[in-house]
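Visitor: Predicted model, plus sequence, below.
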Amino acid sequence: MAQLRPCLIQKSKVEPQFCDKLAILGRKYRTFGLSTHLWLSADGFYEWKRTATSQQPFCFEVNDGELSAFAGLWDGWRDSRGQWIKTCSILTTTPNAVAATVHDRMPVILHPHSYDLWLDPGITDVQVVSELLKPYDPHSMRLYPVSTRVNHVENDD
């Protein structure tokens, strides 16, 4: 899947994003339906902290590297040639106390008990959805510095 470009804005000048801040989501996707939720599983995520001379990558994990789920949105539509365009985006939110030491945002990490609720297309109450999108409990997370080898996609070790 590529970066999110909802069919409702496919011809606009809005740039696709792989991570969308919740604060701007409403402006960009006002008519984007709640039935387009997804979650992406991961055992961690990376953010970079700027130093005087470089950027130091850090790995963030939930419960010592257990698999967790990032909240996201998806859309699929056919282009003018009839080809399917499938896109998605991970939602980001304000950082918790752990993430704030490195970056000004973090992915929305869903609690396991809310996976089904997040995917339920019948949920239309914005207040209920908003409760799921808060920063993850910092007491259940850790971070540690990692090698700058993660800065290059060709490194796969």
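Guide: Yes, it's here.

Visitor: what's the distance between residue 92 and residue 108?
Guide: According to C-beta to C-beta, to the nearest Å, residue 92 stands 7 Å off from residue 108. Quick note: C-beta positions are derived from backbone N, CA and C, even for glycine.

Visitor: Looking at the two, which has the bigger crowd around it?
Guide: residue 92 (26 against 23; other C-beta atoms under 10 Å).

Visitor: Enumerate the positions of the strand or helix carrying that one that are buried.
Guide: Following DSSP states H and E, one finds residue 92 within strand 84-93. For strand 84-93, a neighbour-count test (16 or more other C-beta atoms under 10 Å) marks 87, 88, 89, 90, 91, 92, 93 as buried.

Visitor: Just the closest of those residues to residue 55, please.
Guide: Closest approach to residue 55 among these (C-beta to C-beta): residue 92, at 18.2 Å.

Visitor: The closest one and residue 107 touch, don't they?
Guide: Yes. Judged on C-beta atoms under 8 Å, residue 92 makes contact with residue 107 at a distance of 5.6 Å.

Visitor: In the protein, mark out all the helices, start to finish.
Guide: Along the chain, the segments classed as helices by DSSP state H run 22-28, 115-119, 126-132.

Visitor: mind listing the strands for this protein?
Guide: 2-3, 19-21, 37-42, 45-50, 55-62, 68-78, 84-93, 106-107, 109-110, 141-145 (DSSP state E).

Visitor: Including distance to residue 99, could those strands go into JSON lines?
Guide: What follows is the strands of the chain, written out as JSON lines (distance: least, C-beta to C-beta, whole Å):
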{"stretch": "strand 2-3", "distance to residue 99": "22"}
{"stretch": "strand 19-21", "distance to residue 99": "13"}
{"stretch": "strand 37-42", "distance to residue 99": "14"}
{"stretch": "strand 45-50", "distance to residue 99": "7"}
{"stretch": "strand 55-62", "distance to residue 99": "6"}
{"stretch": "strand 68-78", "distance to residue 99": "13"}
{"stretch": "strand 84-93", "distance to residue 99": "9"}
{"stretch": "strand 106-107", "distance to residue 99": "4"}
{"stretch": "strand 109-110", "distance to residue 99": "10"}
{"stretch": "strand 141-145", "distance to residue 99": "8"}
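
Visitor: for those, which one sits closest to residue 155?
Guide: Of all these, the one in closest proximity to residue 155, counting by C-beta to C-beta, is strand 55-62 (11.5 Å).

Visitor: looking at this protein, which residue ends up farthest from its center?
Guide: residue 81 (29.8 Å; C-alpha atoms, centre = their mean).

Visitor: Right, I'll leave it there.
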